[in-house]
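> 3D, please:
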Amino acid sequence: MRIRNQRGVAFPSPVAMLSVIAVAMAGIAYVATRGEEPTEREVTAVAQPAPEPEVEPSGTPEKADKIREKKPKVVRGDVYVEVYNNSGITGLAGRYAARAGDVGWQVVGEDNWMGTIPSSTVYYPARLQAAAEQLALDLGINRTMPAVGEMRLDRLTVVLTADAA
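Okay, the predicted model is just below:
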């Protein structure tokens with residue numbers, strides 16, 4: 001008696017054809033895109049010329065000291081502030097939160113900060129940069145920076161280090 005040994009697997013022809021086509025397309029895509037420079041572009045802002053001061057009809061020009069850029073007015077009570085302690089000094093965040101509240105800022109929280117901050121900093125979202133600079137002046141902090149990481153974008157975040165004591 002003879003035992004017949006059959007080995008191997010027969011794939012259905014549509015699966016085999018699709019596999020061959022997929023490998024061929026991948027090879028063509030690789031060859032076609034090899035050596036190309038990235039398609040990213042650098043976006044630069046276009047500077048607009050400053051408007052010229054208007055001259056009164058009588059021919060007298062406005063005084064140069066009257067022509068100033070107006071800084072946005074900061075309304076302290078409209079800005080939320082969180083104060084964090086990143087030092088080993090007990091109660092530091094509470095003291096600074098009280099100082100900020102005394103001058104009109106809307107302090108909504110205080111806690112400890114985990115991480116490393118080089119010096120006391122007021123962090124701000126882009127729309128609150130002027131407010132951050134004012135808060136830094138009010139609290140005697142010399143450093144302001146754009147908000148990073150998990151910081152909330154609707155408020156100022158004050159992180160205090162030992163240099164604030």
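> start to end distance for stretch 135-147?
With CA to CA, to the nearest Å as the measure, the ends of stretch 135-147 fall 15 Å from one another.
> Can you point out the buried residues in that stretch?
For stretch 135-147, a neighbour-count test (16 or more other CB atoms under 10 Å) marks 135-136, 138-139, 141, 144, 147 as buried. Yep, even glycine has a C-beta here, placed from its N, CA and C like the rest.
> cool, and stretch 16-32?
The neighbour-count check on stretch 16-32 (16+ other CB under 10 Å) flags nothing as buried.
> Just the mean pLDDT for that stretch, thanks.
The average pLDDT for stretch 16-32 rounds to 82.
> okay, among the buried residues of stretch 135-147, which ones form the most distant pair?
D138 and A147 (18.7 Å; CB to CB).
> C-terminal to the longest helix along the chain, which secondary structure element comes first?
Longest helix of the chain, by residue count under DSSP state H: helix 13-33. Moving toward the C-terminus from helix 13-33, the next helix or strand (DSSP states H and E) is strand 80-85.
> With just CA atoms, put the helix or strand of the chain with the lowest mean pLDDT into PDB.
Least confident helix or strand of the chain, by mean pLDDT, DSSP states H and E, is helix 13-33 with a mean of 81. Extracted in PDB, the C-alpha atoms of helix 13-33 (Å, rounded to 0.1, in the frame of the first residue of the first chain):
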ATOM      1  CA  SER A  13      -6.300  33.000  -7.100                       C
ATOM      2  CA  PRO A  14      -7.900  36.400  -6.200                       C
ATOM      3  CA  VAL A  15      -6.000  36.500  -2.900                       C
ATOM      4  CA  ALA A  16      -2.700  35.700  -4.600                       C
ATOM      5  CA  MET A  17      -3.300  38.300  -7.300                       C
ATOM      6  CA  LEU A  18      -4.200  41.000  -4.800                       C
ATOM      7  CA  SER A  19      -1.000  40.300  -2.800                       C
ATOM      8  CA  VAL A  20       1.200  40.500  -6.000                       C
ATOM      9  CA  ILE A  21      -0.500  43.800  -6.900                       C
ATOM     10  CA  ALA A  22      -0.100  45.300  -3.400                       C
ATOM     11  CA  VAL A  23       3.700  44.400  -3.300                       C
ATOM     12  CA  ALA A  24       4.100  45.900  -6.800                       C
ATOM     13  CA  MET A  25       2.300  49.100  -5.800                       C
ATOM     14  CA  ALA A  26       4.500  49.500  -2.700                       C
ATOM     15  CA  GLY A  27       7.600  49.000  -4.800                       C
ATOM     16  CA  ILE A  28       6.500  51.700  -7.300                       C
ATOM     17  CA  ALA A  29       5.600  54.100  -4.500                       C
ATOM     18  CA  TYR A  30       9.000  53.600  -2.900                       C
ATOM     19  CA  VAL A  31      10.900  54.200  -6.200                       C
ATOM     20  CA  ALA A  32       8.700  57.200  -7.100                       C
ATOM     21  CA  THR A  33       9.200  59.000  -3.800                       C
END
